[in-house]
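Engineer: Here is my input; please provide its structure:
(one chain, ligands or ions: 2)
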Amino acid sequence: MTSLAILGAGKVGGETAYLSAVLGLVDEIVLYDVYEPLLRAQVLDLQHTGLDLTISTETKRMRDADIFVFAAGTPRTPEIRTRADLLEANVPVVKRCAELLQGSPRVIVTVTNPMDANNYGLWRSIGIDRERCIGFGGQLDSARFTGFLREAGISAQGVVLGEHGEHQVPVFSKTGLKVPVNEREAILERMRGASMEVISGKGGTVFGPAYHIAMLADAVIHDRRRVFPCSCVLDGEYGLSGCSLGVPARIGRDGIIEIEEWRLDPWESSKMAEAGAFVQQLCRKFDGKSGT
Ligand SMILES: NC(=O)C1=CN([C@@H]2O[C@H](COP(=O)(O)OP(=O)(O)OC[C@H]3O[C@@H](n4cnc5c(N)ncnc54)[C@H](O)[C@@H]3O)[C@@H](O)[C@H]2O)C=CC1
Ligand SMILES: O=C([O-])CC(=O)C(=O)O
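Structural biologist: Ligands and ions are numbered 1, 2, ... in the order given. Just a heads-up that it's a prediction; the model follows:
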């Protein structure tokens with residue numbers, strides 16, 4: 001039996017539960033939200049699909065899940081400029097989540113923003129192996145990057161490392177094409193605003209995150225051992241530590257199997273260093289030192 005636990009049954013948590021059920025990824029979904037009427041409605045709505053699935057709302061069961069998705073907390077509205085601006089609001093939710101997970105599931109996927117800092121915070125607060133904590137966002141940024149490349153007439157699979165936020169690092173060197181710096185900066189600026197266009201129009205990003213979270217869950221559940229751009233707690237990789245940051249990581253049933261160290265060009269390396277310094281400062285919030 002495969003069990004998926006999701007904390008936060010809102011837009012992303014709810015859609016992830018639905019998609020995982022429809023794709024037949026799991027036998028059991030453990031769903032919880034502090035807002036009881038929403039939780040009840042989401043459970044009923046899932047039950048009304050008629051799919052052969054056990055649905056539980058018992059938080060104790062989350063600790064035994066094969067994969068746990070942390071999607072609880074405050075999302076952005078058009079008034080909240082950056083994901084990092086959500087830190088103060090979501091630190092207490094990270095801490096509550098850590099208390100809930102004491103026994104801890106096999107693999108944890110952090111979605112709640114600012115995702116990189118929160119992934120680091122969960123890892124610090126629960127005290128488990130860093131390989132078991134995966135931060136989600138790089139796949140989504142990479143899909144957006146691929147779309148912008150296509151619009152610029154470049155047919156290549158885009159990969160984005162760095163922060164899931166203003167300090168994204170699109171890896172142009174991987175496309176095999178020479179893209180001048182001014183063109184890189186123009187694409188990067190559009191990438192920074194990509195999700196806000198969706199948030200302004202429909203109140204939040206839903207299909208994109210849910211699809212890619214389900215693909216990540218699939219890699220864990222089926223031990224795919226594929227490389228995903230995702231946020232990992234770093235211990236010297238890319239010259240960084242004291243943070244979780246987007247890097248290429250091979251994902252399997254127990255989480256992160258290995259972090260690949262790609263050769264980045266000078267523009268990418270300097271963006272990666274900036275991203276690291278920025279996220280390190282956010283992560284200090286969880287080290288008991290003042291960060292923001
Ligand atoms: N990493 C990524 O790529 C993405 C991250 N996000 C982030 O995911 C988070 C959730 O986004 P949405 O689903 O759109 O928000 P939402 O507001 O629709 O859902 C969040 C849910 O969390 C619940 N909640 C709050 N505190 C809780 C607690 N202590 N325990 C259990 N439930 C709690 C709320 O009642 C709410 O239902 C936000 O921080 C958002 O910024 C959203 C999209 C993509
Ligand atoms: O932009 C946001 O606040 C939600 C998010 O992380 C995304 O869709 O990439």
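Engineer: Only alpha carbons, please: show whichever strand or helix holds residue 278 as PDB.
Structural biologist: With secondary structure defined by DSSP states H and E, residue 278 is part of helix 266-283. What follows is helix 266-283, C-alpha atoms only, in PDB (Å, rounded to 0.1, in the frame of the first residue of the first chain):
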ATOM      1  CA  PRO A 266      30.400  32.600 -15.400                       C
ATOM      2  CA  TRP A 267      27.000  34.300 -15.600                       C
ATOM      3  CA  GLU A 268      25.200  31.300 -14.200                       C
ATOM      4  CA  SER A 269      27.900  30.800 -11.400                       C
ATOM      5  CA  SER A 270      27.600  34.400 -10.300                       C
ATOM      6  CA  LYS A 271      23.700  34.100 -10.300                       C
ATOM      7  CA  MET A 272      24.000  30.900  -8.300                       C
ATOM      8  CA  ALA A 273      26.300  32.500  -5.700                       C
ATOM      9  CA  GLU A 274      23.800  35.400  -5.400                       C
ATOM     10  CA  ALA A 275      20.900  33.000  -4.900                       C
ATOM     11  CA  GLY A 276      22.900  31.100  -2.300                       C
ATOM     12  CA  ALA A 277      23.700  34.200  -0.300                       C
ATOM     13  CA  PHE A 278      20.100  35.400  -0.500                       C
ATOM     14  CA  VAL A 279      18.600  32.100   0.700                       C
ATOM     15  CA  GLN A 280      21.200  31.600   3.400                       C
ATOM     16  CA  GLN A 281      20.100  34.900   4.900                       C
ATOM     17  CA  LEU A 282      16.400  33.600   4.900                       C
ATOM     18  CA  CYS A 283      17.400  30.300   6.400                       C
END
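Engineer: tell me which residues of that helix are tucked away?
Structural biologist: 267-268, 271-273, 275-276, 278-283 (16 or more other C-beta atoms under 10 Å). Every C-beta, even on glycine, is put in place using the N, C-alpha and C of the backbone.
Engineer: In JSON lines, list these along with distance to residue 132 and pLDDT.
Structural biologist: Output for those, formatted as JSON lines (distance: C-beta to C-beta, whole Å; pLDDT from 0 to 100):
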{"residue": "267", "distance to residue 132": "33", "pLDDT": "98"}
{"residue": "268", "distance to residue 132": "28", "pLDDT": "98"}
{"residue": "271", "distance to residue 132": "28", "pLDDT": "98"}
{"residue": "272", "distance to residue 132": "24", "pLDDT": "98"}
{"residue": "273", "distance to residue 132": "27", "pLDDT": "98"}
{"residue": "275", "distance to residue 132": "23", "pLDDT": "98"}
{"residue": "276", "distance to residue 132": "22", "pLDDT": "98"}
{"residue": "278", "distance to residue 132": "25", "pLDDT": "98"}
{"residue": "279", "distance to residue 132": "19", "pLDDT": "98"}
{"residue": "280", "distance to residue 132": "21", "pLDDT": "98"}
{"residue": "281", "distance to residue 132": "25", "pLDDT": "98"}
{"residue": "282", "distance to residue 132": "21", "pLDDT": "98"}
{"residue": "283", "distance to residue 132": "18", "pLDDT": "98"}
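Engineer: want to throw those into JSON lines with distance to residue 90?
Structural biologist: Formatted as JSON lines, these follow (distance: C-beta to C-beta, whole Å):
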{"residue": "267", "distance to residue 90": "31"}
{"residue": "268", "distance to residue 90": "29"}
{"residue": "271", "distance to residue 90": "25"}
{"residue": "272", "distance to residue 90": "24"}
{"residue": "273", "distance to residue 90": "26"}
{"residue": "275", "distance to residue 90": "19"}
{"residue": "276", "distance to residue 90": "21"}
{"residue": "278", "distance to residue 90": "17"}
{"residue": "279", "distance to residue 90": "15"}
{"residue": "280", "distance to residue 90": "18"}
{"residue": "281", "distance to residue 90": "16"}
{"residue": "282", "distance to residue 90": "11"}
{"residue": "283", "distance to residue 90": "13"}
